[in-house]
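*Asks:* Structure of the sequence below:
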Amino acid sequence: MKKFPVDYPFEIRPLSKEDGGGYSIVFPDLPGCRSDGATPEEAIENGRDALKSWLAVASEFDEKAPKPFHTASGRFVQRVPRSLHAQLVAQAETEGVSLNTLVVSLVSQGLGRRQSNGRRQKTGSTATTRKRLVR
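*Replies:* Have a look, this model is predicted:
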């Protein structure tokens, strides 16, 4: 089996009973690249086939596939209350790091705790799991 040297993020969501149940898998970086399965594992396996097919068709038509994570710039702007900003600045100075470094560290720690607790982020009433499909 040929391995692809790509690492695309994907989202898995439970499907409603009206949609047939099971789980859907979507690759946000690749328009129209999606599949489903009865279980998350089956959705991932079917997603691998969808990913391979999507990339093969793009190659066949000499179209370049977007790079993984092309929609994530790595930059976001967040307004916070002045009191919180002052606390963050003071903490960054205490730790001898930049404000950006401190905020990235705090956000990473928070996400790590959530993941280690087995919690999933809620989007409306549907649980969403974001992962990467390693080839």
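
*Asks:* Flag the helix or strand of this structure with the lowest per-element mean pLDDT.
*Replies:* Here the helix or strand of the chain ranked lowest by mean pLDDT, DSSP states H and E is strand 121-123, holding a mean of 43.

*Asks:* show me the contacts for residue 50.
*Replies:* 25, 27, 33-35 (Cβ atoms under 8 Å, 6 or more residues apart in numbering). (Each C-beta comes from the backbone N, C-alpha and C, glycine too.)

*Asks:* From these, list just the buried residues.
*Replies:* Among those, those buried by neighbour count (16 or more other Cβ atoms under 10 Å) are 25, 27, 33-35.

*Asks:* quick one: low-confidence parts of this structure?
*Replies:* Low-confidence segments of the chain, defined by pLDDT under 70, are located at 1-6, 71-72, 118-135.

*Asks:* can you give me the strands for it?
*Replies:* Under the criterion DSSP state E, strands of the chain are mapped to 7-14, 23-26, 34-37, 121-123, 126-134.

*Asks:* can I see the domain layout of this structure?
*Replies:* 7-71+121-134, 82-115 (automatic domain parsing).

*Asks:* picking up where we left off before, nearest to residue 73, of the contacts of residue 50?
*Replies:* Distance to residue 73 across these (Cβ to Cβ) is lowest for residue 27, with 18.4 Å.

*Asks:* does that closest one really touch residue 35, like I thought?
*Replies:* No. If you go by Cβ atoms under 8 Å, residue 27 and residue 35 don't touch, sitting 9.1 Å apart.
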